[in-house]
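Undergrad: Build me a model:
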Amino acid sequence: MLDDLLVNEDPDNRCFGCSPHNEKGLALRFVRREPGVVECAYTAEPHLCGAPGVVHGGIQATLLDEAMGFAVHEQVGEKLWVVTAELRLRYRAPVPVGEPLVVRGRWLRSEGKDHFAKGEILDPRGRRATVAESRWRSIDPPLPK
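TA: Next up is the predicted model:
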């Protein structure tokens, strides 16, 4: 279903990017916009800046990594275990803290155990401030504890 909220409510989910149970994390909440496409509205707090007033590049990488990961899961299945194998970013314009952003991920294709996605951060005017491409790799689930 489109515009479904995608949240991993598992109490063991401590992901810095998406967990609702990690009090120091970003608590990103993605929605499905169309098959293989997810979005998140996000406003970065000032403590996440690099240069004054600009979202730290590592935080931008995290936002995009999460968006692309959610897009891959949305398209190929939530039960599939995937990890980021490659992440390429282009910082095109400063991303402001304290202003509403849109973070979008789009699944592109799968080739065997590899899954490809792209992402973007849109500034408050809707301009593509940061763009990314990634390759994800399917892995075996971890052994139970």
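Undergrad: Low-confidence stretches in this protein?
TA: For the chain, applying pLDDT under 70 flags the ranges 1-3, 5-14, 19, 78, 143-145.
Undergrad: mind listing the strands for the protein?
TA: 5-6, 30-34, 37-43, 82-91, 100-111, 114-122, 128-138 (DSSP state E).
Undergrad: would CSV of those with distance to residue 22 and mean neighbour count be doable?
TA: Quick note: C-beta positions are derived from backbone N, CA and C, even for glycine. Output for the strands of the chain, formatted as CSV (distance: least, CB to CB, whole Å; neighbours: other CB atoms under 10 Å):
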stretch, distance to residue 22, mean neighbour count
strand 5-6, 16, 12
strand 30-34, 16, 18
strand 37-43, 15, 19
strand 82-91, 18, 14
strand 100-111, 18, 18
strand 114-122, 21, 22
strand 128-138, 21, 19
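Undergrad: need those in JSON lines with distance to residue 71, can you?
TA: Shown next, in JSON lines, are the strands of the chain (distance: least, CB to CB, whole Å):
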{"stretch": "strand 5-6", "distance to residue 71": "10"}
{"stretch": "strand 30-34", "distance to residue 71": "8"}
{"stretch": "strand 37-43", "distance to residue 71": "5"}
{"stretch": "strand 82-91", "distance to residue 71": "11"}
{"stretch": "strand 100-111", "distance to residue 71": "4"}
{"stretch": "strand 114-122", "distance to residue 71": "5"}
{"stretch": "strand 128-138", "distance to residue 71": "9"}
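Undergrad: Minimum distance to residue 63: which of those strands has it?
TA: Closest approach to residue 63 among the strands of the chain (CB to CB): strand 100-111, 4.8 Å.
Undergrad: what's the angle between the closest one and strand 30-34?
TA: Using axes from the mean of the first three to the mean of the last three CA atoms, to 10 degrees, one finds that strand 100-111 and strand 30-34 are set 60 degrees apart in direction.
Undergrad: Cheers, nothing more for now.
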